[in-house]
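Engineer: Curious how this folds, go ahead:
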Amino acid sequence: MAPGRLTPLFLAWGLLLAFIGSGFAQDTLTLLKSFEFGRNRRAWNSMDIQVRAERNRERRAAEQQLIEVLLGRDSTTDAKILACRGLRYVGTNPGVEVLLSLVKDERLSAEACAALQEKDFKEINPALRTALPLAPNDLKAGLMNTLARRRDREAAPVIGKIARSISDRPVLIAALDALGQIGGVEGLTALQQLASKNPDLEVRRKHALLAAAGHALRQDALSKDLALKILNQFMAPSQPPLLRGAAMVEVAMSDKDQRAQLCLQALKSSTGTLLPAAASILSVLEVGEFIPLYTEHFDSLKTPAQILLVELWKPEYRDSKRIQDLSLNTKIDPNLRHAATRAIDRSR
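Structural biologist: As a prediction, this is how the structure comes out:
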């Protein structure tokens, strides 16, 4: 047969394959739409593979099917849940737009928010900020958490305003936690305005304020200045040890000039409650900052602080004779003596 006569045959065969392929695609879409948890999920297993494919072409084809599932009136809720989960891994503007349309949906809001958390689209944050005040209370926490995970500082005033005007405890807690994650001068300011007469909520607010300050130390200059003021307040002796110690660690990690002094202050705490903070600060001290703790301050410390220092001792910190004497002294606290013995063994 002449080569030219093969063309119509191949064309017809291609059309047939395309028709069969479209039928398979339609059958697959039907299976995806009709899925219910506990049933055969073979089609969704194939979709899970496709959304992680290396080729953009395959991922975009998967995204289109996921969008069709989400928009389909005949799709089950379970199918739409899996479609939202699939869009965590793929998603151009069309996919993001569909997810944003679902953030106030009672059944799908949580899944849509989870899919939006890590996506880099400038339209997401404004849309979530707009939806937040309008959403039912039981959806607000999820929206706040998503904005917090996205570190949207512009959301802090919106979240703060809602928290000041609502008595729903779960929403209040979600607001405090979200502001703690966001940080920045905006998050810190909003948290300062949320002081509560409820002891439990006030503790939660202070911990959120501490978390926000930690984030703010690594943000712009205004945020850092406000964070340091708040952390200095938390370092006051009147503050609970947990807050005080955590504030000391945050300041020490951000300010090299203060860390040796803060470490010594934590080691000398009268009740020993700041020793966890001291341990955290000790982990970043340089050799030159360690040496005075053994040569000048060791005798003024209480036994638990001494044990901590001996556990961390290295030959380059000097004062090896002191450690040797401690390991041989049967009259001192046995835990201190054993720590010294271990220190000597490590140095050999």
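
Engineer: mind checking pLDDT for the residue most central in space within the chain?
Structural biologist: In the chain, the C-alpha nearest the mean C-alpha coordinate belongs to Arg149, at 6.5 Å (Cα atoms, centre = their mean). Per-residue pLDDT puts Arg149 at 96.

Engineer: which residue packs closest to it, ignoring adjacent ones?
Structural biologist: Nearest residue to Arg149, sequence neighbours excluded (Cβ to Cβ, 6 or more residues apart in numbering): Gln117, at 4.6 Å. C-beta: built from backbone N, CA, C; applies to glycine.

Engineer: Look up how far Lys268 lies from the residue lying closest to Leu243 once chain neighbours are set aside.
Structural biologist: For Leu243, ignoring the flanking residues on the chain, the nearest one in space by Cβ to Cβ, 6+ apart is Phe234 at 5.1 Å. According to Cβ to Cβ, to the nearest Å, Phe234 stands 18 Å off from Lys268.

Engineer: what does the model give Thr92 for pLDDT?
Structural biologist: 87.

Engineer: cool, Asn56 as well?
Structural biologist: Note on Asn56: pLDDT of 89.

Engineer: Equivalent analysis for the one 10 residues further on, please.
Structural biologist: Reading off the confidence values, Leu66 has pLDDT 96.

Engineer: One more: Gly21?
Structural biologist: Confidence score, pLDDT, at Gly21: 44.

Engineer: Then Pro292?
Structural biologist: At Pro292 the predicted local confidence, pLDDT, stands at 94.

Engineer: That one is in what secondary structure piece?
Structural biologist: Counting by DSSP states H and E, the element that carries Pro292 is helix 287-295.

Engineer: ok, now Ile307?
Structural biologist: Judged by DSSP H and E, Ile307 forms part of helix 303-312.

Engineer: Summarise which helices and strands that helix is packed against.
Structural biologist: Applying 3 or more Cβ pairs under 8 Å, 6 or more residues apart in numbering; DSSP states H and E, one finds that helix 303-312 makes contact with helix 256-267, helix 275-282, helix 287-295, helix 334-347.

Engineer: Show the pLDDT at Leu17.
Structural biologist: 39.

Engineer: for Leu9, that is, sorry about that
Structural biologist: Predicted confidence (pLDDT) for Leu9: 48.

Engineer: Please renumber the chain so that the first residue is 35 from this point on.
Structural biologist: Sure, I'll start counting at 35 from here, so that last one is Leu43.

Engineer: Now for the residue lying closest to Leu308 once chain neighbours are set aside: which residues touch it?
Structural biologist: Among residues not flanking Leu308 along the chain, Ala300 sits closest, at 4.0 Å (Cβ to Cβ, 6+ apart). The neighbourhood of Ala300, defined by Cβ atoms under 8 Å, 6 or more residues apart in numbering, consists of Gly279, Met282, Leu308, Leu309, Ala311, Ala312, Ile315.

Engineer: can we see that at 10 Å?
Structural biologist: Counting by Cβ atoms under 10 Å, 6 or more residues apart in numbering, Ala300 touches 275, 278-279, 282-283, 286, 306-316, 339, 342.

Engineer: By neighbour count, sort out the buried ones in these.
Structural biologist: 275, 278-279, 282-283, 286, 306, 308-316, 339, 342 (16 or more other Cβ atoms under 10 Å).

Engineer: Quick one: mean pLDDT for the helix or strand Thr164 falls within?
Structural biologist: Assigned by DSSP H and E, Thr164 belongs to helix 158-168. Helix 158-168 shows a mean pLDDT of 97.

Engineer: Please apply the same query to stretch 362-380.
Structural biologist: 94.
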